[in-house]
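1. Have a look; sequence and predicted model below, questions after that.
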Amino acid sequence: MSSNWRARTASTCAGLLIVGGAAVAVAPQASAGGDGNKVHNCFGRWYNTDWDQRCGSLGANYTGTYTSVANCSFEPDNTMDQWRRMGSTAVYNGHDCDWSAAGVQTYFYE
């Protein structure tokens, strides 16, 4: 191999490493997770990109529709409506966020 070709290859590889590192630095960091607001003992819980709608150990306090909205980074928020009977403790998995979930807000409708 000629020294020009080696130098050009090394320069190209170094440039690609810098661009790749910059892309990783710009990508958002995923959140650790937590619980959203409680509405009649039901709430949203988010993790990294995943989130669920769930209720406490005694279940939903009222029968009706519980709507949870996941706050997703760099994409539209994800919404899920679940009709629950009083006492429901079912866990419903929401549609995952592509980058990260930063919280879940829950609402109740009769």
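-> Everything's here; your move.
2. Show me the shaky parts of the chain.
-> Applying pLDDT under 70 to the chain flags the ranges 1-32.
3. Would you map the helices across it?
-> Assignment of helices within the chain using DSSP state H yields the ranges 3-26.
4. how deep is the closest residue to residue 44 other than its chain neighbours tucked in, by neighbour count?
-> Residue nearest to residue 44 in three dimensions, not counting chain neighbours: residue 104, with 2.5 Å by C-beta to C-beta, 6 or more residues apart in numbering. The way it works is simple: take the backbone N, C-alpha and C, and place the C-beta from them, glycine included. Neighbours of residue 104 under the rule other C-beta atoms under 10 Å: 25.
5. List the contacts of residue 104.
-> Residues near residue 104 by C-beta atoms under 8 Å, 6 or more residues apart in numbering: 35-36, 43-46, 51, 53, 68-71, 94.
6. Could I have the buried ones of these as PyMOL selection syntax?
-> In PyMOL, a selection of the buried entries from those looks like this (16 or more other C-beta atoms under 10 Å):
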select buried, resi 36+43+44+45+46+51+53+68+69+70+71+94
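7. What residues of stretch 58-66 count as buried?
-> Buried residues in stretch 58-66 (16+ other C-beta under 10 Å): 59, 60, 61, 64, 66.
8. Using CSV, lay out the residues you listed together with distance to residue 109.
-> CSV is the format used below for those (distance: C-beta to C-beta, whole Å):
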residue, distance to residue 109
59, 18
60, 13
61, 14
64, 6
66, 8
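9. And those residues, which is closest to residue 98?
-> residue 66 (24.1 Å; C-beta to C-beta).
10. Quick check: bridge partners of that closest one?
-> Judged by DSSP bridges, the bridge partners of residue 66 are residue 82, residue 108.
11. correct me, but it touches residue 41?
-> No: between residue 66 and residue 41 there is no contact under C-beta atoms under 8 Å: 10.0 Å.
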